[in-house]
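Novice: Below are the sequence and a predicted model; questions follow.
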Amino acid sequence: TKHFLDKNNDALHASLEIVVQGCDDKFMKLLFNTGESSGQKKGKLTFISVGNKFKRQLGELIEKLRSTDTNFVRCIKPNSKMFAHMFDSGSVLSQLNCAGMTRGLELLQEGFPTRAPYMDIYNMFKGFLPPDLAKMDPRLFCKASLKALGLKDNDFKFGVSKVFFRSGKFAEFDTLMRSDQQSVKSTIH
């Protein structure tokens, strides 16, 4: 990989460059850019080599991967005969077990998959707070609001900078906080 771009440089020979520069064919113009639009010296031929194209595409892929969240799709065969509208539950469960999906779901159920920073929760509801409580530490506000709303202690855990909720409990908390804003205001005051 040391000299990948040098080894994969398939630029044109100088005599072919002269022929390509003088060509009026539209297809040839698509294949070879003469540099007029990219601010280079007029007539300068800029050929995109395989190595440069690979390097550019790899850079685009890495940029796209960095801008997305981690997701995956697991394909499961519904039956071994490959017939439509036929579902073999034993086969599907076996595939899910082999792929580790059932254990992953069990871990999510046992664990605390939803995480919310204290500051985010505090910012969502600070409009309800009276001026004295608006100065409250976001972590303390989260602890007090979860206790005041009557959520069970085993439904959430407090970390250094986030609250960790059991599966579905953050939605329950959010629903309680948004459902009856008058009662939330009275609970906070």
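Specialist: In hand now; what should we look at?

Novice: which residue is nearest the centroid of this protein?
Specialist: The chain has residue 69 as the residue nearest its centroid, 1.2 Å off, counting by C-alpha atoms, centre = their mean.

Novice: Residue 143: neighbouring residues, count only.
Specialist: Close neighbours of residue 143, defined as other C-beta atoms under 10 Å, add up to 15. Every C-beta, even on glycine, is put in place using the N, C-alpha and C of the backbone.

Novice: which non-adjacent residue is nearest it?
Specialist: Spatial nearest neighbour of residue 143, chain neighbours left out: residue 158 (6.6 Å); criterion: C-beta to C-beta, 6 or more residues apart in numbering.

Novice: give me the beta-bridge partners of that neighbour?
Specialist: Beta-bridge partners recorded for residue 158 (DSSP bridges): residue 163.

Novice: Tell me the pLDDT of it.
Specialist: We have a pLDDT of 87 for residue 158.

Novice: Spit out the contact partners of it.
Specialist: Residue 158 makes contact with 139, 142, 143, 164, according to C-beta atoms under 8 Å, 6 or more residues apart in numbering.

Novice: Tell me which entries of the residues you listed lie within helices.
Specialist: Cross-referencing the contacts of residue 158 against helices under DSSP state H gives 139, 142, 143.
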